[in-house]
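this one's sequence-less:
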């Protein structure tokens, strides 16, 4: 992977609108594994320095997505080699470390979905917003067990349509609504379940814009609001809240109105006080015991 | 106006997606004025009976819109003629009564907007949802006085785009967002101002779907939430909450997914407890003194 290829990969990660935070973090690790194989270096120390720099650059592409930062930091931290290690060994270890983290991330998502499915149980009506790969996995686990879903279209890019398509294929009875109807339909749900791009140390949740409104509506109607994501998505205490990424206004496909500013902030921050429980691969955290 | 024409007019009113409740109520009165001129009748009593029936039919076209019911009921109540009245006089009086009510409705909207503009004052940032002709009038009154607007696109039919276009023409600095971003941007507003299709006797507000979410977000952020509509929109005590009209799912322009039900409920009900004040043509009602 030369510099041009790496820079192309950076742009792809930055502009990706179809994959969630965990998937993008794993893509970053794949890119780094490729760099570990091919990045020119005259010594182990030089390799380590160059890979660290690439990793840091990748980590900055998606500030709203904690797993991108967390998994890449873990990978960087593992780039310490024994003094006697030769370049080939160092490269192999860096690749292996990326593969281990990719597998750990995948497993964490699956374990997390199992915990969420356990908590929800059979025969429930579950509402979600946008498209979370963890929530999709929960739907797969609970499909055929009386699960009913209420899902939002999720403007502007309509991620909800991809979820609708999947649920249709699985035969899960689904109600599909505009984002603005969330307040009307939340009362029909036994629970709300959303994924997250990041969870702050105080339990606040960064997720697709509109999640905060759904949390308010759920609280107002006494419906539990669960956040389901693997622990790689938690930000360390002391880390500042992430910048909420803003995407191109063109995604709203409006005419050009002089004096009108079109905004397209892609993520919002749901305060921890609106979360009924956080579910990760290790279990369920209730507000009494955490976060 | 023969029966075919009247039935066409009924369908037009029922399917109208571009006019607000007050405008549609005035259109209904115009249709009835036309019927008063031309409806076949052999006697004053027969005319009265036939016009009453047409009016009752029209009133049922838009159950979410109180002014349609209220103005048409007022018109029906005025269809009592002196025993000696001839058919021509009765027709003229019925037409005049419709004209008086149309003028009263227009004036009430204007007076209401003046009250709202007074309450808001100059130099404010005001957020709204969907498109209310009363709110448009408030924007006209406060334009050039430092007004800034935050407006939503209002899926599925994007009424917010028409508001953006008007504000752009007036040179009012405006931020245009998706409905899902309401929770993010409400904190930047000094106040929320929405119109209504109906207000229930307990102060609950029927308005374009998403209004309830905006009210929750405004309350959560401590931003006042004002409802601005003329008194023709208030429903009498004892009247049941109106059916919340549902429109064609096709308006969401989704593919056909087997097992997925697309819903398009056009109105929601914001409970009175989330309203900071109700503004009508007579003044401002605060929760302490009413509704």
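Right, received. Where do you want to start? Keep in mind it's a predicted model, so treat the numbers as computed, not measured. Numbers count the residues shown, from 1 in each chain, chains lettered A, B, ... in the order given.

Number of residues surrounding the residue of the stretch 1-150 of chain A found nearest chain B?
In the stretch 1-150 of chain A, the residue that lies nearest chain B is residue A:129 (8.1 Å; CB to the nearest CB). C-beta here means a position set from N, CA and C on the backbone, and glycine is covered the same way. Residue A:129 is surrounded by 30 other residues when neighbours are defined as other CB atoms under 10 Å in any protein chain shown.

my guess is it contacts residue A:211, does it?
Yes. Judged on CB atoms under 8 Å, residue A:129 makes contact with residue A:211 at a distance of 5.4 Å.

Find residues that contact each of the two.
Residues touching both residue A:129 and residue A:211 (CB atoms under 8 Å, 6 or more residues apart in numbering or on different chains): residue A:194.

Now do the same contact list for the residue of the stretch 1-150 of chain A closest to chain B.
With contact set as CB under 8 Å, 6+ apart, residue A:129 has these partners: A:151-152, A:154, A:160, A:179, A:182, A:192, A:194, A:207-208, A:210-211, A:214.

Among those, which lie within strands?
Of the positions in those, A:151-152, A:192, A:194, A:207-208 sit in strands, assigned by DSSP state E.

filter those residues by proximity to chain B?
Checking the ones in strands among the contacts of residue A:129 against chain B by CB under 8 Å from any CB of the partner chain, the ones in range are A:152, A:208.

which among the ones in strands among the contacts of residue A:129 end up buried?
Among the ones in strands among the contacts of residue A:129, the ones that count as buried by 16 or more other CB atoms under 10 Å in any protein chain shown are A:151-152, A:192, A:194, A:207-208.

what's the farthest-apart pair in those residues?
The widest separation within these, taken as CB to CB, falls between A:151 and A:207 and amounts to 14.3 Å.

Switch the contacts of residue A:129 over to CSV; also include pLDDT and distance to residue B:198.
Converted to CSV, the contacts of residue A:129 look like this (pLDDT from 0 to 100; distance: CB to CB, whole Å):
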residue, pLDDT, distance to residue B:198
A:151, 98, 29
A:152, 98, 26
A:154, 97, 29
A:160, 97, 30
A:179, 98, 23
A:182, 98, 21
A:192, 98, 29
A:194, 98, 33
A:207, 95, 34
A:208, 95, 32
A:210, 98, 26
A:211, 98, 30
A:214, 98, 26
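
Just give me the closest of these to residue B:278.
Closest approach to residue B:278 among the contacts of residue A:129 (CB to CB): residue A:182, at 24.7 Å.

right, and the closest one touches residue A:152 too?
Yes. Using CB under 8 Å as the test, residue A:182 is close enough to residue A:152 to be in contact (6.1 Å).

which residues are common contacts for these two?
Common neighbours of residue A:182 and residue A:152 are listed as A:129, A:210, A:214 (criterion: CB under 8 Å, 6+ apart).

measure the residue nearest to residue A:203 when sequence neighbours are not counted to residue A:201 for me?
In space, and not counting its chain neighbours, residue A:203 is closest to residue A:272: 2.8 Å by CB to CB, 6 or more residues apart in numbering or on different chains. Distance, residue A:272 to residue A:201, by CB to CB, to the nearest Å: 9 Å.

Who has more neighbours out of those two?
Looking at residue A:272 and residue A:201 with other CB under 10 Å, you find the greater number of neighbours at residue A:272, namely 18 against 14.

and that one, what is it in contact with?
By CB under 8 Å, 6+ apart, residue A:272 lies in contact with A:200, A:202-205, A:287, A:291.

okay, residue A:17: pLDDT?
In this model, residue A:17 is scored at 83, pLDDT.

helix or strand for it, which one?
With the criterion set as DSSP states H and E, no secondary-structure element contains residue A:17; it sits in neither a helix nor a strand.

so where do the strands sit in chain A?
Applying DSSP E to chain A gives strands spanning A:125-128, A:148-152, A:174-177, A:191-194, A:198-199, A:205-208, A:225-228, A:260-262, A:267-270, A:277-280, A:283-285.

which residues touch the longest one?
For strand A:148-152, the external contacting residues (CB under 8 Å, 6+ apart) are A:124-130, A:139, A:160, A:163-164, A:167, A:172-179, A:181-182, A:185-186, A:188-189, A:210, A:214, B:180.

Quick one: residues contacting residue A:102.
Under the criterion of CB under 8 Å, 6+ apart, the neighbours of residue A:102 are A:26, A:29-30.

now it: how far from residue A:15?
Where residue A:15 is concerned, residue A:102 sits at a distance of 22 Å (CB to CB).

Tell me, how many residues neighbour residue A:29?
Around residue A:29 sit 25 other residues, with neighbours defined as other CB under 10 Å.

An error on my part: the question was meant for residue A:268.
Using other CB under 10 Å, residue A:268 has 23 neighbouring residues.

Please determine how far it is located from residue A:192.
With distances defined as CB to CB, the gap from residue A:268 to residue A:192 amounts to 15 Å.

same deal with residue A:262?
Here the distance between residue A:262 and residue A:192 works out to 29 Å (CB to CB).

wait, doesn't residue A:197 sit right on residue A:267?
Yes. If you go by CB under 8 Å, residue A:197 and residue A:267 touch, sitting 6.1 Å apart.

Give me the common contacts of those two.
Residues touching both residue A:197 and residue A:267 (CB under 8 Å, 6+ apart) are A:64, A:206-208.

ok, of the residues you listed, which one's closest to chain B?
residue A:208 (7.7 Å).

Report the beta-bridge partners for the closest one.
Partner residues in beta bridges with residue A:208: residue A:267, with DSSP bridges as the criterion.

OK, contacts around it?
So residue A:208 contacts A:129-131, A:154, A:159, A:197, A:266-268, B:180 (CB under 8 Å, 6+ apart).

ok, and the most crowded of those residues?
Note: the member of those with the most neighbours is residue B:180, at 33 neighbours, neighbours being other CB under 10 Å.

quick one, phi/psi of the closest residue to it other than its chain neighbours?
Excluding the flanking residues, the one nearest residue B:180 by CB to CB, 6+ apart is residue A:210, at 3.1 Å. Backbone torsions of residue A:210, given as degrees, to the nearest 10, read phi 110, psi -20.

and residue A:210, how far is that from residue B:211?
Residue A:210 is 15 Å from residue B:211, by CB to CB.

More neighbours: which of those two?
Each of residue A:210 and residue B:211 has its neighbours counted (other CB under 10 Å); residue B:211 has more, 32 against 29.

May I have the residues that are in contact with that one?
With contact taken as CB under 8 Å, 6+ apart, residue B:211 is in contact with B:129-130, B:194, B:205, B:268, B:270.

Export those as JSON lines, with columns for distance to residue B:91.
As requested, those are arranged in JSON lines below (distance: CB to CB, whole Å):
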{"residue": "B:129", "distance to residue B:91": "42"}
{"residue": "B:130", "distance to residue B:91": "38"}
{"residue": "B:194", "distance to residue B:91": "39"}
{"residue": "B:205", "distance to residue B:91": "38"}
{"residue": "B:268", "distance to residue B:91": "41"}
{"residue": "B:270", "distance to residue B:91": "42"}
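
Excluding residues flanking it in the chain, which one is nearest residue A:99?
Counting by CB to CB, 6+ apart, the residue nearest residue A:99 is residue A:33, at 6.7 Å.

Do I have it right that the one you found meets residue A:94?
Yes. Counting by CB under 8 Å, residue A:33 does reach residue A:94; the two are 7.3 Å apart.

Those two - which one has more neighbours?
Shown here are residue A:33 and residue A:94; by other CB under 10 Å, residue A:94 has more neighbours (25 against 21).

and the more buried one, what pLDDT?
The model's pLDDT for residue A:94 equals 95.

Next: residue A:273.
With respect to pLDDT, residue A:273 has a value of 97.

next one: the one 3 residues further on
The confidence metric pLDDT takes the value 98 at residue A:276.
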